[in-house]
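Peer 1: below are the sequence and a predicted model; questions follow.
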Amino acid sequence: MHRIAILYHSAHGHTEHIARCIGDGIQQVAGLQTDLLQAQDLLARPEDLLAYDGLILGSPTYLGGVSAPLKALMDATGGLWRQQRLRGKLAAGFTVSALPAGDKQSTLLSMFTFCMQHGMLWVGNPILPEQHQGVPYDEAANRLGSWSGLMAQADKASPGHAFAPGDIKTARLFGQHFAHTLLRLHAGTSLERAG
């Protein structure tokens, strides 16, 4: 069974809520195990990430970048980087902010750069914005129009009530897409080894 880690930091529960929705999407695809891991819990043992075939990073956007706990975990992987031990793993990223833009793209780009330096393979967000098909804006998948990763906007409310339905839908579809991509990647690897 292939394993996916959704590793994240969430100060107020909003990023964790989206992480759980991504996990729900992954669980719709058979043959995968998903673990939600808080970044701060991995600081002393970043080598735990080696047990996973796919890594999805999540962070709120703070001042145009990832939060300090996620950045600390990224920095803690220096030893893994020197040996390129994460090379070839599938990777993706998601972020949450209170504003529709909120400079979330900067956060995703820092995650992308981190994953590229480790030799990982980045999965974007291919979901077409549904508002162009007549779906009401708040209900539309990928309503924020992000293709480099998943973006969500949280209102000032409890995590379960802070998101537009479209953002929840997008998170689940993003999880499904990542899961299907991981299975395709490993099916191709198995075929290459068999040939």
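Peer 2: Yep, it's here.
Peer 1: can you give me the helices for this protein?
Peer 2: With DSSP state H as the criterion, the chain has helices at 14-27, 68-76, 78-82, 104-117, 165-194.
Peer 1: buried set for the longest one?
Peer 2: Read it as helix 165-194. Buried residues in helix 165-194, counted by 16 or more other C-beta atoms under 10 Å: 166-179, 181-183, 185. Backbone N, C-alpha and C define where each C-beta goes, glycine included.
Peer 1: what's the answer for the third one, then?
Peer 2: Going by neighbour count (16+ other C-beta under 10 Å), the buried part of helix 78-82 is 80-81.
Peer 1: counting contacts, what elements does it pack onto?
Peer 2: Packed against helix 78-82, as judged by 3 or more C-beta pairs under 8 Å, 6 or more residues apart in numbering; DSSP states H and E, are no other helices or strands.
Peer 1: residue 167 touches residue 146, doesn't it?
Peer 2: No: using C-beta atoms under 8 Å as the test, residue 167 is too far from residue 146 to be in contact (10.7 Å).
Peer 1: pretty sure residue 6 sits against residue 23.
Peer 2: Yes: using C-beta under 8 Å, residue 6 makes contact with residue 23 at a distance of 5.8 Å.
Peer 1: so which of the helices of the chain gets nearest residue 129?
Peer 2: Each of these has some distance to residue 129 by C-beta to C-beta; the shortest is helix 165-194, at 9.0 Å.
Peer 1: now do that closest one against helix 14-27, angle only.
Peer 2: Per axes from the mean of the first three to the mean of the last three C-alpha atoms, to 10 degrees, the angle that helix 165-194 makes with helix 14-27 is 50 degrees.
Peer 1: mind giving me the packing neighbours of the least confident helix or strand in the chain by mean pLDDT?
Peer 2: Ranked by mean pLDDT, DSSP states H and E, the weakest helix or strand in the chain is helix 165-194, scoring a mean of 86. Contacts defined by 3+ C-beta pairs under 8 Å, 6+ apart place helix 165-194 against strand 2-8, helix 14-27, strand 32-38, strand 54-60, strand 90-97, strand 150-153.
Peer 1: reformat these as TSV; add distance to residue 133, mean pLDDT and mean neighbour count.
Peer 2: Converted to TSV, those look like this (distance: least, C-beta to C-beta, whole Å; pLDDT from 0 to 100; neighbours: other C-beta atoms under 10 Å):
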stretch	distance to residue 133	mean pLDDT	mean neighbour count
strand 2-8	29	97	22
helix 14-27	20	97	22
strand 32-38	29	97	17
strand 54-60	27	98	27
strand 90-97	23	98	27
strand 150-153	19	97	27
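Peer 1: closest to residue 159 out of the ones you listed?
Peer 2: Per C-beta to C-beta, nearest to residue 159 of these: helix 14-27, 3.9 Å.
Peer 1: so which elements touch that closest one?
Peer 2: If contacts are counted by 3+ C-beta pairs under 8 Å, 6+ apart, helix 14-27 sits against strand 2-8, strand 32-38, strand 54-60, strand 90-97, strand 150-153, helix 165-194.
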